[in-house]
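> I would like to see how this sequence folds:
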Amino acid sequence: MADLLPRLVAETAAMVRFYSRLTIPRLNRFDEPAAMPDFGTAARMLPLASIIIGLPAAAALAAGGQTALPAPMLAALALAIQMMTTGVFHEDGLADTADGFGGGWTRARKLEIMKDSRIGSYGSAALILATLIRILGYAGLIGAVGATATAVLFVAIAVISRSVVLTIFVALPAAREDGAGNAAGRPTLATLALALALSAAIAGAIGIVIVGAAKTALALCLVGIGTYVMGRLSARHIQGQTGDVLGATQQVTEVLFLVAVLA
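Numbering: from 1, shown residues only. You can find the predicted model right below:
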């Protein structure tokens, strides 16, 4: 029991390193910065890690709200900082998934396209549309609730949209034998339940305070539906999941959350 807190700290650091470009030194004897995190247990700390990952962009958004910058520019700058923080981790997954699912005729060809570092027309269109919707969405929130409240909601959306993808990770087998998912391990059901409960509690509480219970409930429902649809699409197209699909799901659920709270 005495080792629980240092283990949780190490797991949080591992999740931050995996999902972002943020540099964290070795924190304790359980923390191995160069090692692939064990998602079997470490994924339970993904909600907390997502808060840390979202803080630089959220802080910039809140600070920018004290200036005369227009809302669309503030939203674009916040997203630019978020992309630099994550190394466009999820955006890359969205582009690869759109290219693979849209451009391949067979499972093997879809997986080949998704592994290709080049971006095609489907991927370009998906990236442009998702980025545009996110900029307009956050700009709309700034106009509706202010920059500071939007910054807090930005973190909440980062938490829920990144955590729900674990559902697909657990529900579907890895589509590639040499994929990173095999090396990282699959979250246990207990880990998944804890991550989902914690992320829903964080996003739900923040959402209720900022946009109200009805819109928050709609947003969480749409996030769940979007996750389910992405899982079904992945199962149909490639009979499993990849990191690209998980990244694409994060982007899709972020967009859906924004649509719901602005509806």
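> what is the neighbour count of the closest residue in space to residue 40 that isn't next to it in sequence?
Leaving aside its sequence neighbours, residue 40 sits nearest to residue 185 (CB to CB, 6 or more residues apart in numbering; 4.4 Å). Using the backbone N, CA and C atoms, a C-beta is placed for each residue, glycine as well. Using other CB atoms under 10 Å, residue 185 has 17 neighbouring residues.
> just checking, residue 185 touches residue 39?
Yes: if you go by CB atoms under 8 Å, residue 185 and residue 39 touch, sitting 5.0 Å apart.
> give me the residues contacting the helix or strand hosting residue 129.
Element membership for residue 129 (DSSP states H and E) is helix 121-145. Contacts to helix 121-145, defined as CB atoms under 8 Å, 6 or more residues apart in numbering, come from residues 61, 65, 70-72, 74-76, 78-79, 91, 94-99, 101-103, 119, 149-150, 153-154, 210-211, 248, 251-252, 254-255, 258-259, 261-262.
> selecting buried members of those in PyMOL, what would you type?
In PyMOL syntax, the buried subset of the contacts of helix 121-145 is picked out as below (16 or more other CB atoms under 10 Å):
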select buried, resi 61+65+71+74+75+76+78+79+91+94+95+96+97+98+99+101+102+103+149+150+153+154+210+211+248+251+252+254+255+258+261+262
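> among the contacts of helix 121-145, name the ones in strands.
Among those, the subset assigned to strands under DSSP state E is empty.
> look up how far residue 103 lies from residue 109.
For residue 109, the distance to residue 103 (CB to CB, to the nearest Å) stands at 8 Å.
> most remote residue from the middle of this protein, which is it?
Distance from the centre of the chain peaks at residue 2, with 31.4 Å (CA atoms, centre = their mean).
> using the three-state scheme, assign that one.
coil (DSSP: H, G, I helix; E, B strand; the rest coil).
> and the one 5 residues further on, by the same measure?
Three-state call for residue 7 (three-state DSSP): helix.
> what about the closest residue to it other than its chain neighbours, neighbour count?
Nearest residue to residue 7 in three dimensions, chain neighbours excluded: residue 30, at 5.1 Å (CB to CB, 6+ apart). Applying other CB under 10 Å, we find 15 residues neighbouring residue 30.
> contact partners for residue 30?
Taking CB under 8 Å, 6+ apart, one finds 3, 6-7, 9-10 in contact with residue 30.
> any idea how far apart the tips of stretch 176-192 sit?
The first residue of stretch 176-192 is 22 Å away from its last residue (CA to CA, to the nearest Å).
> can you list contacts of that stretch?
18, 36-41, 43-44, 111, 166-167, 169-170, 174, 195, 240-243.
> which ones among those residues map onto helices?
18, 39-41, 111, 166-167, 169-170, 195, 243 (DSSP state H).
> rewinding a little: can you put the contacts of residue 30 in a markdown table and add pLDDT?
Shown next, in a markdown table, are the contacts of residue 30 (pLDDT from 0 to 100):
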| residue | pLDDT |
| --- | --- |
| 3 | 86 |
| 6 | 92 |
| 7 | 93 |
| 9 | 94 |
| 10 | 95 |
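> the nearest residue to residue 238 once chain neighbours are set aside: what's it in contact with?
Using CB to CB, 6+ apart and skipping the chain neighbours, the partner closest in space to residue 238 is residue 175 (4.4 Å). Contact analysis of residue 175 by CB under 8 Å, 6+ apart lists 107, 111, 234, 238-242, 245.
> so for the helix or strand that contains residue 232, what gets flagged as buried?
For residue 232, the host element (DSSP H and E) is helix 213-238. Within helix 213-238, the residues that count as buried by 16+ other CB under 10 Å are 215-216, 218-220, 222-224, 226-227, 230-231, 233-235, 237-238.
> elements contacting it?
helix 89-103, helix 107-115, helix 147-163, helix 165-171, helix 189-211, helix 243-262 (3 or more CB pairs under 8 Å, 6 or more residues apart in numbering; DSSP states H and E).
> having no further points to raise, I will conclude here.
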